[in-house]
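Chemist: just a sequence and a predicted model for now, questions to come.
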Amino acid sequence: MDSRFIWAVLFFLFAASGASSSVSATADSPDGSIRVTFDLKEGRPFYRIDRFGRELIRPSAMGFILKDAKPIQGPFEISSVRTRAFDETWTQPWGEKREIRNRFNELTVSVTEKAPGARRMDVVFRVYEDGVGFRYEIPAQTGLDRFEIMDELTEFVLAGDPQAWWIPAYLPDKVEYEQLYRRTRLSAMDTAHTPLTMETENGLFLSIHEAALTDYASMQLAPAGPNTLKADLTPWSDGVAVKTRAPMKTPWRTLQVADDAGGLITSYLILNLNEPNALGDVSWIRPGKYTGIWWAMHLELATWGTGPKHGATTENAKRYIDFTAKNGLGSVLVEGWNKGWDGDWTAHGDRFSFTRNAPDYDIREVARYAAEKGVGLIGHNETGGAVPNYERQLKETFALYEKLGIQSVKTGYVNFGPRLQRVDEKGKTVGEWHHGQYMVRHHQKVVEEAGRRHIMIDVHEPVKDTGLRRTWPNLMTREGARGQEYEAWDPEGGNPPEHATILPFTRLLAGPMDYTPGVLGLRFGPERPRNRVNTTAAKQLALYVVLYSPLQMAADLPENYEKFPDAFRFIREVPTDWEDTRVLHARIGDYVTFARKDRNSGDWYLGSVTDEEGRILETQLGFLDPGVKYTARIYRDGDGAHWETNPYPLSIEEEPVDASTVLKMRLAPGGGQAIRFIRAQP
Ligand code: NOJ
Ligand code: CA
C-alpha cells in the first residue's frame, strides 16, 4: 500500500445547540492533492472537493426526487463509513494509450433515513490525482423495489464563475450534440451537455461529465443559482427521468481537474471508472481505417436511394474495395445498400430493412469479393429514429452479417429530439430524446448483441460516450458532435476553423470520435456553391492525429486521392492504434498539438491544428525515444496557404531529428501540420 496514503478520517462534530448538527467523512487522493468531504447538514447530504487546500467544489447538494414517494434527501444519519485503497495498471486492447494506471482511494458512506420505515443509500467516492468520481447506490430493501426518479438533486457549486465551453441541450429541430461550441462564463450558460469544460479564474481546467452510463438517463448540467450547476436528467416522454429498481447504481458523476488544458486529455479517469472488459476474447477486434460510399452522397453526387445516381451498387462497391485493397486502407463502408431509403426516410424509418439489399446491390457478392481482396466491410444501419423497427431485426441482422464476414456496423439515428420512436405500454408510438434512458438501453442492447456476433460498432447520432469501451471493447467510436459532414451541406457554411481546436478539449474528453477527416478535394463543384472544407490540406492530415478514433475514415472520393498522391501517403500510413499519447500545445479554441506513438512500428506521429489565425509553434521533440535517430517527414502548409483563400498548398519535407531537436512549426491561418517520425533502422 502506498506509504503516502492517508486513511479517510471520520469525525463527528456535534454543535452544542443540538439544533444543527454536522457529520462528515473525508478521503484524499493517493498523492494527497485532492480531498473529498461528505457532510450531513441538518441530516441533508452534501459533498465538497478541495485541491491543495483550496475549494474546487463548494458544499453541493445530493439526492433524488421520486415519483409517488418521498424524496431521498434526508434527514439521514451515517450508518457506516468504509474506505479502501486501489491501484492497478490495466491494458487497453486498443486505444490512445496502452497501459493505464487506475489508482484511487475510495470512500463509501452509508446513510439511513431517520424517519420510521427508514430507506438506505450509499454514496461512493473515488478520489484520484486527476479528479473525483462519485455515485449513488441504492441497496435492495423493503419499501423500495421498483421506483421512478423524477429529478436528481446533485449539484456542482463552483468556487467562482469560470469560463465554460459548452453546447446546449434540447434544441428543437436539431440533432442532439451537433452544435458549435459556445464560450461564456458559467453564469451565462443554458442547460448544457457534458463533458463540460471550464477554466477557473485561477487558471485551472475542469471537466464535469459522467462515466459508465448503462441504464439511466444521461446527465446534462443546468444553471441553478450563483456558480451552481445542477444535474438535469433527460426525461422519457412521460416525464419520468429514470425507471429503475433496487438494488441499483447510478453512473459516476465526474470532475476532472488539471493545471493545463492538455492534462484533461491525458486524464483516463472516465475509463478507469468503467468496469473491466466483459466481452472476454477481443482478439477479433481490430482498429483501422476505412473508405466509404459516403462523401459522394453528402455532396449530392450520388444518392442513398435507388435511381440513376444510386451510390451503393455492386459495381461501385467493388471499385471501392479495389481502391481500399490497393492502398491498404482496411475496410469499406457502404451506405444506401439496403431497402428503405427511397422517399423521406427520416419520416419512414420503419421501412428500413437491414437484411434486404437494393436491387442493384448484391450483398453476398460484395461480401465475397471483399473477402477475396482481404478488405473488411462496414455495414450501415440507419434507423431514421425508428428504434422498434431496428430492435425487431437486430438479432437476424447481426447473425447474417457475421455469416457474411461483415465485421463492423455503423448505426445511425437521424431525427430530431424528441422524435425517436418508442412503443409505450399502451401500444402507442411516442417520441423520445436521443439521450434518455430509452436510448441508453437501446445502444446497450446493440453493443451486446454485436459482441455476441463479433461485430464492432460505430454509432452516429449516439448517446454521448461515457467510457463504456473499457467494458465492451467492440464499442469503437461514435459521432456525437458536428463532424466533417457539415462542411458538405451546412447552410451556415460548415465548421469554422476553430472547431477542431475545441473538440479535443470537449467532445473527445468523453471518448473517440468518428469525425471522418481526410477530405483533400477542399473545394466542391457547382453542385455545392455555398460550401467548402474550412481547412488547409495539411490540417486535414493533422486531424488524424488530433481527433482520436480507432476507426478512422479516409472520407474523400477515391478520384480525389488519386489527384493528391503525396498528401494521401500520410493518410495511408497513419495508424489508428497508439502506444502513448502526449499533448504538446494546448490552448482551447486556438491551437493544439498531439504526439502519438504507433503501437506496432514504434514510429511517432504528430498533428497540430490552429484556428483562423496563423501561428509559429516551437515544438520540443523530447517525447521521441531517447538515443534514437528519426527522419521527420513533415507535411506542412505551403507558402501562402490560407483556409479561405488558398487552401491547397502543401509542402512535404524530410529532416533528421532526435529527442533534442526543437522544431519551428509554421501553421497557416486555418491550417495545420502532420509529421511522421520514422525510426532509423539500427
Ligand atoms: C448522418 C451520419 O452522421 C452520416 O454519416 C450518414 O451518412 C447519414 N446520417 C445517413 O445515415
Ligand atoms: Ca450526424
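Modeler: Okay, I see it. Ligands and ions are numbered 1, 2, ... in the order given.
Chemist: what residues does this structure put near ligand 1?
Modeler: For the chain, the residues in contact with ligand 1 (C-beta under 6 Å from any ligand atom) are 294, 335, 382, 412, 414, 460, 479, 485. Any C-beta I mention is one placed from the backbone N, CA and C, and that applies to glycine too.
Chemist: which of these tops the neighbour count?
Modeler: Using other C-beta atoms under 10 Å as the neighbour criterion, Trp294 leads the residues of the chain next to ligand 1 with 28 neighbours.
Chemist: shouldn't that residue be in contact with Leu333?
Modeler: Yes - between Trp294 and Leu333 there is a contact under C-beta atoms under 8 Å: 5.9 Å.
Chemist: between those two, which contacts overlap?
Modeler: Common neighbours of Trp294 and Leu333 (criterion: C-beta atoms under 8 Å, 6 or more residues apart in numbering): Met553.
Chemist: taking the residues of the chain next to ligand 1 one by one, which sit in strands?
Modeler: Among the residues of the chain next to ligand 1, DSSP state E puts 382, 412 in strands.
Chemist: and the residues of the chain next to ligand 1, which of them are in helices?
Modeler: Residues of the residues of the chain next to ligand 1 located in helices (DSSP state H): Glu485.
Chemist: want to throw the residues of the chain next to ligand 1 into a markdown table with pLDDT?
Modeler: Below are these laid out as a markdown table (pLDDT from 0 to 100):
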| residue | pLDDT |
| --- | --- |
| Trp294 | 98 |
| Glu335 | 99 |
| Glu382 | 98 |
| Gly412 | 98 |
| Val414 | 98 |
| His460 | 98 |
| Glu479 | 98 |
| Glu485 | 98 |
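Chemist: now distance to Ile208 too, for the residues of the chain next to ligand 1, in a markdown table please.
Modeler: Listed next are the residues of the chain next to ligand 1 as a markdown table, based on distance: C-beta to C-beta, whole Å:
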| residue | distance to Ile208 |
| --- | --- |
| Trp294 | 34 |
| Glu335 | 35 |
| Glu382 | 32 |
| Gly412 | 28 |
| Val414 | 28 |
| His460 | 25 |
| Glu479 | 22 |
| Glu485 | 28 |
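Chemist: where does Lys395 land in three-state SS?
Modeler: Here Lys395 is recorded as helix under DSSP: H, G, I helix; E, B strand; the rest coil.
Chemist: next, count neighbours for the nearest residue in space to it that is not next to it in sequence.
Modeler: Leaving aside its sequence neighbours, Lys395 sits nearest to Glu449 (C-beta to C-beta, 6 or more residues apart in numbering; 6.4 Å). For Glu449, the count of nearby residues is 17 (other C-beta under 10 Å).
Chemist: and the residue of the stretch 151-300 of the chain that's closest to ligand 1?
Modeler: Here the stretch 151-300 of the chain gets closest to ligand 1 at one residue, Trp294, 5.7 Å apart by C-beta to the nearest ligand atom.
Chemist: so what's that residue closest to, chain neighbours aside?
Modeler: Glu335 (5.4 Å).
Chemist: who touches that neighbour in this structure?
Modeler: Here Glu335 is in contact with 292-294, 297, 304, 311-312, 380, 382, 410 (C-beta under 8 Å, 6+ apart).
Chemist: now those as CSV including distance to Glu113?
Modeler: Converted to CSV, those look like this (distance: C-beta to C-beta, whole Å):
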residue, distance to Glu113
Gly292, 56
Ile293, 59
Trp294, 55
Met297, 57
Trp304, 56
Gly311, 61
Ala312, 59
His380, 51
Glu382, 48
Lys410, 48
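Chemist: from those residues, pick the one nearest Arg572.
Modeler: Each of the contacts of Glu335 was scored against Arg572 by C-beta to C-beta, and Gly292 proved nearest at 15.7 Å.
Chemist: looking at it, the closest one is touching Leu333, isn't it?
Modeler: Yes - using C-beta under 8 Å, Gly292 is in contact with Leu333, at 3.4 Å.
Chemist: overlap in contacts of those two?
Modeler: By the contact definition C-beta under 8 Å, 6+ apart, Gly292 and Leu333 are jointly contacted by 378, 553.
Chemist: how about the residue nearest to Val545 when sequence neighbours are not counted, secondary structure?
Modeler: Nearest residue to Val545, sequence neighbours excluded (C-beta to C-beta, 6+ apart): Gly607, at 2.7 Å. The three-state label given to Gly607 by three-state DSSP is strand.
Chemist: can you count the residues close to Gly607?
Modeler: For Gly607, using other C-beta under 10 Å, the count is 30.
Chemist: same check on the one 3 residues further on?
Modeler: By the measure other C-beta under 10 Å, the count of residues near Thr610 is 32.
Chemist: enumerate every residue touching it.
Modeler: 497, 501, 539, 590-591, 667-672.
Chemist: just Glu155 next, same as before
Modeler: 60-62, 224, 228-231.
Chemist: burial measure for the closest residue to it other than its chain neighbours, as a count.
Modeler: Closest residue to Glu155 apart from its sequence neighbours, by C-beta to C-beta, 6+ apart: Ser60 at 4.0 Å. Counted by other C-beta under 10 Å, the residues lying close to Ser60 total 20.
Chemist: quick check: Ser60 touching Ala159?
Modeler: No - taking contacts as C-beta under 8 Å, Ser60 lies outside contact range of Ala159: 10.9 Å.
Chemist: what are the bridge partners for Thr289, then?
Modeler: Just so we're on the same page, residue 289 is Lys rather than Thr. Counting by DSSP bridges, Lys289 is bridged to Gln552.
Chemist: shaky segments in the stretch 1-150 of the chain?
Modeler: Applying pLDDT under 70 to the stretch 1-150 of the chain flags the ranges 1-22.
Chemist: which single residue of it ends up nearest ligand 1?
Modeler: Closest point on the stretch 1-150 of the chain to ligand 1, by C-beta to the nearest ligand atom, is Trp94, at 21.9 Å.
Chemist: which residues does that residue contact?
Modeler: Trp94 touches 285-287, 473, 550, 577, counting by C-beta under 8 Å, 6+ apart.
Chemist: what's the most distant pair in those?
Modeler: Taking C-beta to C-beta as the measure, the contacts of Trp94 span a maximum distance of 12.0 Å, between Pro473 and Asp577.
Chemist: ok and the residue in the stretch 201-350 of the chain nearest ligand 1?
Modeler: Glu335 (5.3 Å).
Chemist: tell me how far that residue lies from Met476.
Modeler: Glu335 sits 17 Å away from Met476, going by C-beta to C-beta, to the nearest Å.
Chemist: quick check: closest non-adjacent residue to Tyr438.
Modeler: Take Tyr438 and drop its neighbours on the chain: the residue closest to it by C-beta to C-beta, 6+ apart is Glu432, 4.7 Å away.
Chemist: so who does that neighbour touch?
Modeler: Counting by C-beta under 8 Å, 6+ apart, Glu432 touches 236-237, 387, 417-422, 438-439.
Chemist: most neighbours among the residues you listed, please name it.
Modeler: Counting neighbours by other C-beta under 10 Å, Leu420 comes out on top of the contacts of Glu432 with 28 neighbours.
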